[in-house]
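Undergrad: build me a model:
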Amino acid sequence: MTGDAVVLGLQPARLPSRALALAIDLAVVWTAYLLISMGLAIATAALDEAAVMAVSIATFLLVPVGAPIAVETLSHGRSLGKLACGLRVVRDDGGPIRFRHALVRGAIGMVEIMMSFGTIACVASLVSARGRRIGDVFAGTLVVRERVPAARTAVVPPPPPWLVGRFAQLDLSAVPDDLWLAIRQYLTRMRQLDPEVGRGLAERLADDLVARTGTPPPPGVPATEYLAGVVNERQAREARRAFSGGPGGTAPSEVMPGAGGADGAGGAPVDPEPAGTSRTAGGAGGPGGGGWAAVANPGPGEVSGAGTGAEAATGTGAGSHGGGTGAVGAGQRQRPATGFAPPA
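TA: The predicted structure is shown next:
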């Protein structure tokens, strides 16, 4: 859990998996050290004893000590053993480690792993609630499991229906991946937070998002619903790109039902409606007996109603855009409830 009371959902690695990863790393490191030492011993046979001793000390510091530190730094916490066991070293806040974290872990690891043959590290890992050894405590790191079952992955809740399509013109190209990750983590865990803490965190994330996009949220829209709407728009754009096979493509055209479409199959292909509109059944007056009309999305207190075929062409009809008491049209799409309430 971070200082903002966000549960990161990290799965700490236990002692058996860490011991197996360490055994693989030690086997690789000491095999490389022995091979390098034998080669250097042959190459320095003609040197005096002091030079041979200096080469031996330098080899020990570079291979068994320096190599694991360099590997963890360059791989952001993944050594060969950890990669084989699905483990990774991260910071306490879930971020990738840097050189100073790997240096502290490696230096203390010389004492608690190599000099004590792993006894100190095993005892510390068993005592710690998250399986951390002394090097992890001083470095502020944690060894976690990367291979988590997909069933445990939380799903981002959908935005309110009246916000879908409101951000179609928003420029999201300047939003970095780490900000998207932070927003997704907040949305999937916002019900685990204290209401005041969650509201403050949502406002800070919304301010960061506004600074990147340059467009403020609509008036009266809470920060949480604004974040959910923007994330939904990003997912919709990614889906359109995936289905169209290109970065600038659009989603395939939809086929609307009708009794006598022009293609003879009972329906006609219709382009997707622009952002901010929805389709309403037009009654029996269309060419195929089931015309459709694009009308503006109803507000919080408005619902669309069904009209005659002639009214479908103009987007009017009995109960259309009423004061909150009209009947929902027969062909209007029903969106699932999300738990968000529209602004007052």
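
Undergrad: and G66, how far is that from E72?
TA: Separation of G66 from E72 (C-beta to C-beta, to the nearest Å) stands at 11 Å. C-beta coordinates here come from the backbone N, C-alpha and C atoms, glycine included.

Undergrad: what residues of the strand or helix carrying L142 count as buried?
TA: Using DSSP states H and E, L142 maps to strand 141-145. The neighbour-count check on strand 141-145 (16 or more other C-beta atoms under 10 Å) flags 141-144 as buried.

Undergrad: follow-up on the earlier one: quickly list what's touching both of G66 and E72.
TA: G106 (C-beta atoms under 8 Å, 6 or more residues apart in numbering).

Undergrad: more neighbours, these two?
TA: E72 (25 against 14; other C-beta atoms under 10 Å).

Undergrad: residue contacts, the more buried one?
TA: Residues near E72 by C-beta under 8 Å, 6+ apart: 78-79, 89, 97, 102, 105-106.

Undergrad: could you name the helices and strands sitting against the helix or strand hosting L83?
TA: Counting by DSSP H and E, the element that carries L83 is helix 80-85. Helices and strands touching helix 80-85, by 3 or more C-beta pairs under 8 Å, 6 or more residues apart in numbering; DSSP states H and E, are helix 15-43, strand 87-91.

Undergrad: how about 10 Å then?
TA: For helix 80-85, the elements it packs on are helix 15-43, helix 67-74, strand 87-91, strand 141-145, judged by 3 or more C-beta pairs under 10 Å, 6 or more residues apart in numbering; DSSP states H and E.

Undergrad: need the CA coordinates for that helix. PDB is fine.
TA: Extracted in PDB, the C-alpha atoms of helix 80-85 (Å, rounded to 0.1, in the frame of the first residue of the first chain):
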ATOM      1  CA  LEU A  80      18.400 -15.500 -14.700                       C
ATOM      2  CA  GLY A  81      17.000 -17.400 -11.700                       C
ATOM      3  CA  LYS A  82      14.200 -14.900 -11.100                       C
ATOM      4  CA  LEU A  83      13.300 -14.900 -14.700                       C
ATOM      5  CA  ALA A  84      13.100 -18.700 -14.700                       C
ATOM      6  CA  CYS A  85      10.900 -18.700 -11.500                       C
END
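
Undergrad: average pLDDT for it?
TA: Mean pLDDT, helix 80-85: 90.

Undergrad: before we move on, what about stretch 93-103?
TA: Mean pLDDT, computed over stretch 93-103, is 89.

Undergrad: what does it rub up against?
TA: 1-4, 6, 8-10, 66, 68-79, 88-91, 104-105, 135-136, 138-142, 144, 178, 181, 185 (C-beta atoms under 10 Å, 6 or more residues apart in numbering).

Undergrad: just the buried ones from those residues?
TA: The buried subset of the contacts of stretch 93-103 (16+ other C-beta under 10 Å) comprises 6, 8-10, 68-69, 71-73, 75, 77-79, 88-90, 104-105, 135-136, 139, 141-142, 144, 185.

Undergrad: pull out the buried positions in the helix or strand containing R212.
TA: Taking DSSP H and E as the definition, R212 sits inside helix 195-213. Across helix 195-213, burial judged by 16+ other C-beta under 10 Å covers 198, 201-202, 205-206, 209, 213.

Undergrad: repeat for stretch 114-130
TA: For stretch 114-130, by 16+ other C-beta under 10 Å, it's 118, 120-122, 124-125, 128, 130.

Undergrad: average pLDDT across that stretch?
TA: Per-residue pLDDT over stretch 114-130 has a mean of 88.

Undergrad: check what contacts that stretch and list those residues.
TA: 10-15, 18-19, 22-23, 26, 30, 64-65, 92, 108-113, 131-137, 142-144.

Undergrad: repeat that with 6 Å
TA: 12, 15, 112-113, 131, 133-134 (C-beta atoms under 6 Å, 6 or more residues apart in numbering).

Undergrad: burial measure for the closest residue in space to D25 that isn't next to it in sequence, as a count.
TA: Nearest residue to D25 in three dimensions, chain neighbours excluded: G81, at 4.0 Å (C-beta to C-beta, 6 or more residues apart in numbering). Residues lying near G81 (other C-beta under 10 Å) number 22.

Undergrad: i'd like the first residue to be 77 from this point on
TA: Yep, numbering from 77; the last one is G157 now.

Undergrad: is it true that G157 touches L102?
TA: No. Counting by C-beta atoms under 6 Å, G157 does not reach L102; the two are 8.1 Å apart.

Undergrad: related to what we said a few turns ago, mind listing what's buried in the helix holding L159?
TA: For helix 156-161, the neighbour count (16+ other C-beta under 10 Å) marks 156-159, 161 as buried.

Undergrad: want to throw these into a markdown table with distance to R316?
TA: Shown next, in a markdown table, are the buried residues of helix 156-161 (distance: C-beta to C-beta, whole Å):
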| residue | distance to R316 |
| --- | --- |
| L156 | 40 |
| G157 | 42 |
| K158 | 38 |
| L159 | 35 |
| C161 | 39 |
